[in-house]
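Undergrad: Provided below are the primary sequence and the corresponding predicted coordinates.
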Amino acid sequence: MQRLGPRIAGALLGLLLALSAASARAVDVTGHWRVTITTPDGSITGEAAFQQRGHSVTGWLGPSAADPIPITLVLKGNKLTIKTHPQPGRTVAFDTCQVTVNGDKMTGTIDAGKGTIELVKSKPADRR
């Protein structure tokens, strides 16, 4: 079996690191999303919209664009954590959730296993 020369080994390592970095940057949550939250009590639907610049994500989540709930978003790799900040007198379906981003779909759990959440990217025709 032949050994790789230092130049070839270095080039392969550089290529693997570049592919890994490109893969990590490939996650983009920008857009409008249809939201479904399921708990033992039933399911509710809503909407969300996110804007991503690098690893920074801002946006809103709620029953509709006219009734948003303030949120904080943290993106690490393909994991997005959503923390709600309800206003006085308002209730929310969850405090915190973490979803795994997989293209045009995100899935995860709410409040440490009390239910599930699914976000599906919506197309402009879906938003009326």
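TA: Perfect, I can see it now.
Undergrad: In this structure, where is pLDDT below threshold?
TA: Low-confidence regions of the chain, defined here as pLDDT under 70, cover residues 1-25, 124-128.
Undergrad: Roughly how far does the nearest residue to His85 once chain neighbours are set aside sit from Arg53?
TA: Once its chain neighbours are removed from consideration, His85 has its nearest residue in Pro70; the separation is 4.2 Å (C-beta to C-beta, 6 or more residues apart in numbering). Heads up, the C-betas are built off the backbone N, CA and C, glycines and all. Counting by C-beta to C-beta, to the nearest Å, the gap between Pro70 and Arg53 amounts to 19 Å.
Undergrad: Please tell me how far the residue nearest to His85 sits from Thr30.
TA: Counting by C-beta to C-beta - Pro70 and Thr30 are separated by 19 Å.
Undergrad: Phe94 now?
TA: Here the criterion is C-beta to C-beta. By it, Phe94 lies 22 Å from Thr30.
Undergrad: Which one's more surrounded, the two?
TA: Residue environment comparison for Phe94 versus Thr30 gives the larger neighbour count to Phe94, 18 against 12, counting by other C-beta atoms under 10 Å.
Undergrad: Leaving out sequence neighbours, find the closest residue to the spatially most central residue of the chain.
TA: By C-alpha atoms, centre = their mean, the mean C-alpha position of the chain lies nearest to Leu80, the distance being 4.0 Å. Nearest residue to Leu80 in three dimensions, chain neighbours excluded: Val99, at 5.2 Å (C-beta to C-beta, 6+ apart).
Undergrad: One more: Thr30?
TA: Gln52 (4.6 Å).
Undergrad: Return the residues in contact with that neighbour.
TA: Gln52 sits next to 28-30, 75 when contact means C-beta atoms under 8 Å, 6 or more residues apart in numbering.
Undergrad: where's it, which helix or strand?
TA: Using DSSP states H and E, Gln52 sits in strand 42-53.
Undergrad: Restricting the selection to alpha carbons, write that strand to PDB.
TA: Coordinates of the C-alpha atoms in strand 42-53 are reproduced here as PDB (Å, rounded to 0.1, in the frame of the first residue of the first chain):
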ATOM      1  CA  GLY A  42     -54.300  18.500  20.100                       C
ATOM      2  CA  SER A  43     -52.800  20.400  17.300                       C
ATOM      3  CA  ILE A  44     -52.600  24.100  16.500                       C
ATOM      4  CA  THR A  45     -51.300  25.900  13.400                       C
ATOM      5  CA  GLY A  46     -49.600  29.200  12.900                       C
ATOM      6  CA  GLU A  47     -47.000  31.000  10.800                       C
ATOM      7  CA  ALA A  48     -43.400  32.200  11.200                       C
ATOM      8  CA  ALA A  49     -41.000  34.300   9.200                       C
ATOM      9  CA  PHE A  50     -37.300  34.300   9.600                       C
ATOM     10  CA  GLN A  51     -34.400  36.400   8.200                       C
ATOM     11  CA  GLN A  52     -30.900  35.000   8.400                       C
ATOM     12  CA  ARG A  53     -27.600  36.800   7.900                       C
END
